[in-house]
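A.B. asks: Quick one, fold the following:
(chains A and B)
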Amino acid sequence: MMRGGWFKVYTIAYLIFLYAPIALLPIFAFNDATVIAFPLTGGTTKWFAKLWEEPELHRALKNSLIIAVSSSLMATALGIFASRASTRYSFPGKAGIMGMIMLPLVLPEIILAVAILTVLLGLGVPLSLFTVILGHVLVCTPFSIAILSAAFQSLDRSLEEAAYDLGETPASTFRLIILPLVMPGIISSLLITFTISLDEFIMAFFLAGNENTLPVYILGQFRFPQNVPVIMALGTILVCLSVALLATAEYFRRRGIAKTGGKDTGGFL
Amino acid sequence: MTFSAEKATMIEFKDVHKYYGDYHALRGITATIKAGEFFSLLGPSGCGKTTLLRTIAGFEGISSGAVMIDGKNMAGVPANKRPTNMVFQSYAIFPHLTVEQNVGFGLRKDPRPQAEKDKAVAEALEMVNLKGFGKRAAHALSGGQRQRVALARALILKPKVLLLDEPLSALDKKMREQMQMELIKLQRQVGITFILVTHDQEEALVMSDRIAVMFDGEIAQLADPETLYRKPASRRVADFIGTMNFLPAQIKSEAGGKVEIEAHGFGQLTLDADQVSGANAEGASIGFRPETLTILFDGQTAADRESMGTVEEVVYYGDMTYYDVRLDGTDAPMRLSMRNIPGRPVLDIKERARVAWSPSAMVLFR
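C.D. replies: As a prediction, the model looks like this:
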């Protein structure tokens, strides 16, 4: 066997393990049997059509979109402030503060969710979409900071000084120079945090109260075996959407780096 | 290279100190820069030259003292209100704008009609030999072109002072030499005071009317290039500017404008009092430049003194050859330079050579 041959086999096996289940989604989404099993019985698009007849699904989808849009906007806005502060200024305790902001990235989400739930109940805050948004902002902000820090970091400090030197104020410098140059990073952050929020289950499960979000709805549907092919159809759509969003985000991130003449130090894709 | 004393003062540093926490970056800078002068701040990295430049631009506050520009104290005047513009080391060309938009950036708040501003941009581009580049994307330019855009962008505002922070350090040697000449011509053409920060002593000598040599946050010597080269104020300045040979010496007597010294291998020498220069921490020594020593070929005689020596190293530069020659009776080889005239042989290592020298070309550091 050629050099590195076993690594090649391992890599291919790994990728199959990772993606084969996802590849099964569309296969069963277009299969006309209710039972998820081979052999396939015939092609159909009825499961996709059925998606239109589920008011509960539509409500969950609407909730998820509201949550995802709100939390991606808020997380990205917070991310802009934090990344700008951490890349441009030095202040006492900076490393510690940034570390604590990034911590939700590695903390067990269920612990966070339970902790937030306890506090909210203690304060008497009713559970709603708003409480889910709070939880999602907490989860999404570290991702936003990771993306935006790279964007701010690749900005040459003297660009700001040059604009200032040429008569601009700090505010107009931010608008005319910094914002356009980090815009690809901001778009990338919006798209990625949107995707994260849309897929998120644990926070939504604990903090949504009587409302459903898409992932919570999906899990609920598995109680009804006859609905599983519909979920497969929904899953197919979601996978395509996620991939498209992430690819767009990565496109903007790379374009941003190319624009400022920086070096690519790796992203999420 | 001449500098007339009647020129008005453009910049005045009055006992400027700058601290970064405990670090004393500028230690009492007092100097004046004249209007229309090509002035250089020269020194090794960390000497405070860039910090000093940035106190003029307003990017760096000062801890005490005063920076005056054209008679006005700049305390509390922010960078965007100062009559200075800067060419940054990285050029800081805005990568998302075109060449034109970059050059015209400073005119954004200019009340003139757009047509006039466009004309000013076109003129500025022509001045830096970038005519026809206006529509190009800034990030697609070469290093030399970025440099020119940065110059045009700074000069279009007709500042009283143009600040240049190591503007040529990113260019290759040939391009650098070409830009040096272009900058000199440009400065004469626009008549604006140029202040250049550089660590390259050759660049400073080539371009400047006057040079401030800085070490450890202080100006060690402020002089025109020739004085700096011929009569450095200290051994440290002498060592930094060009090449100088040093030889320990003992001062025997000083009287009537003459100094009697004993230099190992050179014997008893008499120097004029004006050949005596400033501080040398390592005790008295004499210094002389490589070109003040000459190898004598057959038929040539020394105008002053002559010694025998052995060639220890030969460095051939094309137009010049540098030799390290150990004169008989001395401890260390001396560097000397000879112009390579056709027909004159280049000596080899270990060859014996007659060397002409003169006490009048020496500087005594004490």
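A.B. asks: which regions of the chain sit below the pLDDT cut-off?
C.D. replies: No chain specified, so I'll use chain A. Low-confidence segments of chain A, defined by pLDDT under 70, are located at A:1-3, A:256-269.
A.B. asks: right idea, wrong chain: chain B
C.D. replies: B:1-6, B:279-281.
A.B. asks: Going along the chain, name the helices of it.
C.D. replies: In chain B, helices defined by DSSP state H lie at B:49-57, B:99-103, B:114-127, B:143-155, B:173-190, B:201-207, B:225-230, B:235-240, listed in chain order.
A.B. asks: Dump those helices to JSON lines, plus distance to B:Glu218 and mean neighbour count.
C.D. replies: From N, CA and C alone the C-beta is placed, and that goes for glycine too. What follows is these, written out as JSON lines (distance: least, C-beta to C-beta, whole Å; neighbours: other C-beta atoms under 10 Å in any protein chain shown):
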{"stretch": "helix B:49-57", "distance to B:Glu218": "10", "mean neighbour count": "22"}
{"stretch": "helix B:99-103", "distance to B:Glu218": "37", "mean neighbour count": "24"}
{"stretch": "helix B:114-127", "distance to B:Glu218": "37", "mean neighbour count": "16"}
{"stretch": "helix B:143-155", "distance to B:Glu218": "28", "mean neighbour count": "23"}
{"stretch": "helix B:173-190", "distance to B:Glu218": "27", "mean neighbour count": "15"}
{"stretch": "helix B:201-207", "distance to B:Glu218": "17", "mean neighbour count": "20"}
{"stretch": "helix B:225-230", "distance to B:Glu218": "16", "mean neighbour count": "17"}
{"stretch": "helix B:235-240", "distance to B:Glu218": "11", "mean neighbour count": "21"}
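A.B. asks: For my notes, please list these in JSON lines and give distance to A:Ser144 for each entry.
C.D. replies: Supplementary listing: the helices of chain B in JSON lines, determined by distance: least, C-beta to C-beta, whole Å:
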{"stretch": "helix B:49-57", "distance to A:Ser144": "33"}
{"stretch": "helix B:99-103", "distance to A:Ser144": "30"}
{"stretch": "helix B:114-127", "distance to A:Ser144": "38"}
{"stretch": "helix B:143-155", "distance to A:Ser144": "32"}
{"stretch": "helix B:173-190", "distance to A:Ser144": "42"}
{"stretch": "helix B:201-207", "distance to A:Ser144": "45"}
{"stretch": "helix B:225-230", "distance to A:Ser144": "55"}
{"stretch": "helix B:235-240", "distance to A:Ser144": "50"}
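A.B. asks: Switch the ones you listed over to JSON lines; also include distance to chain A.
C.D. replies: Supplementary listing: the helices of chain B in JSON lines, determined by distance: least, C-beta to the nearest C-beta, whole Å:
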{"stretch": "helix B:49-57", "distance to chain A": "6"}
{"stretch": "helix B:99-103", "distance to chain A": "9"}
{"stretch": "helix B:114-127", "distance to chain A": "13"}
{"stretch": "helix B:143-155", "distance to chain A": "7"}
{"stretch": "helix B:173-190", "distance to chain A": "17"}
{"stretch": "helix B:201-207", "distance to chain A": "21"}
{"stretch": "helix B:225-230", "distance to chain A": "29"}
{"stretch": "helix B:235-240", "distance to chain A": "27"}
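A.B. asks: which one of the ones you listed lies closest to A:Leu198?
C.D. replies: With C-beta to C-beta, the closest approach to A:Leu198 among these belongs to helix B:99-103: 38.5 Å.
A.B. asks: Export only the CA atoms of the closest one, formatted as CSV.
C.D. replies: Output of helix B:99-103 as CSV, limited to C-alpha atoms (Å, rounded to 0.1, in the frame of the first residue of the first chain):
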residue,chain,number,x,y,z
VAL,B,99,-6.7,55.2,-6.1
GLU,B,100,-8.8,58.3,-6.8
GLN,B,101,-11.0,57.9,-3.8
ASN,B,102,-7.9,57.4,-1.6
VAL,B,103,-6.1,60.5,-2.9
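A.B. asks: Any idea how far it is from the middle of the chain?
C.D. replies: Counting by C-alpha atoms, centre = their mean, to the nearest Å, helix B:99-103 is centred 31 Å from the centre of its parent chain.
A.B. asks: and that helix, what other elements does it pack with?
C.D. replies: Secondary-structure packing of helix B:99-103 (3 or more C-beta pairs under 8 Å, 6 or more residues apart in numbering or on different chains; DSSP states H and E): helix B:114-127, helix B:143-155.
A.B. asks: Now tell me what touches the first one from outside.
C.D. replies: Read that as helix B:114-127. Helix B:114-127 is touched from outside by B:99-100, B:103-104, B:107, B:110, B:112, B:131, B:133-134, B:152-153, B:155-156, B:186, B:189-190, with contacts defined as C-beta atoms under 8 Å, 6 or more residues apart in numbering or on different chains.
A.B. asks: now it against helix B:173-190, angle please.
C.D. replies: Here helix B:114-127 runs at 130 degrees with respect to helix B:173-190, directions being taken by axes from the mean of the first three to the mean of the last three C-alpha atoms, to 10 degrees.
A.B. asks: Okay, angle between helix B:114-127 and helix B:143-155 too, please.
C.D. replies: What separates the directions of helix B:114-127 and helix B:143-155 is an angle of 130 degrees, with the same axes, to 10 degrees.
A.B. asks: nearest to A:Leu25, of the helices of chain B?
C.D. replies: The minimum distance between A:Leu25 and these falls on helix B:99-103, with 48.7 Å, by C-beta to C-beta.
A.B. asks: contacting residues around that closest one?
C.D. replies: Counting by C-beta under 8 Å, 6+ apart, the neighbours of helix B:99-103 from elsewhere in the structure are B:93-94, B:121, B:124-125, B:130, B:133-138, B:141, B:149, B:152-153, B:156.
A.B. asks: now B:Ala137, nearest residue through space, not along the chain?
C.D. replies: In space, not counting the residues next to it along the chain, B:Ala137 is nearest to B:Thr98; the distance is 6.0 Å by C-beta to C-beta, 6 or more residues apart in numbering or on different chains.
A.B. asks: can you list the residues of the stretch 151-300 of chain B near chain A?
C.D. replies: Selection of the stretch 151-300 of chain B residues close to chain A by C-beta under 8 Å from any C-beta of the partner chain yields B:153-154, B:157.
A.B. asks: State the distance from the residue of chain B most remote from its centre to B:Ala120.
C.D. replies: Most distant residue from the mean C-alpha position of chain B: B:Pro113, 41.4 Å away (C-alpha atoms, centre = their mean). According to C-beta to C-beta, to the nearest Å, B:Pro113 stands 11 Å off from B:Ala120.
A.B. asks: where exactly do the helices run in the stretch 51-200 of chain A?
C.D. replies: Using DSSP state H, counting those that start in this stretch, the helices of the stretch 51-200 of chain A run over residues A:55-88, A:94-102, A:109-123, A:129-153, A:157-165, A:170-173, A:179-199.
A.B. asks: Could you figure out how far the second one is turned away from helix A:55-88?
C.D. replies: With the same axes, to 10 degrees as the basis, helix A:94-102 and helix A:55-88 are set at 170 degrees to each other.
A.B. asks: Tell me which other helices or strands helix A:94-102 touches.
C.D. replies: helix A:55-88, helix A:129-153.
A.B. asks: Of all these, which one is nearest chain B?
C.D. replies: helix A:129-153 (12.9 Å; C-beta to the nearest C-beta).
A.B. asks: Tell me if the closest one is near chain B.
C.D. replies: No - where contact is defined by C-beta under 8 Å from any C-beta, no part of helix A:129-153 touches chain B; the two come within 12.9 Å at best.
A.B. asks: Which one of the residues in the stretch 251-366 of chain B is closest to chain A?
C.D. replies: Using C-beta to the nearest C-beta, the single residue of the stretch 251-366 of chain B nearest to chain A is B:Tyr317, 36.0 Å away.
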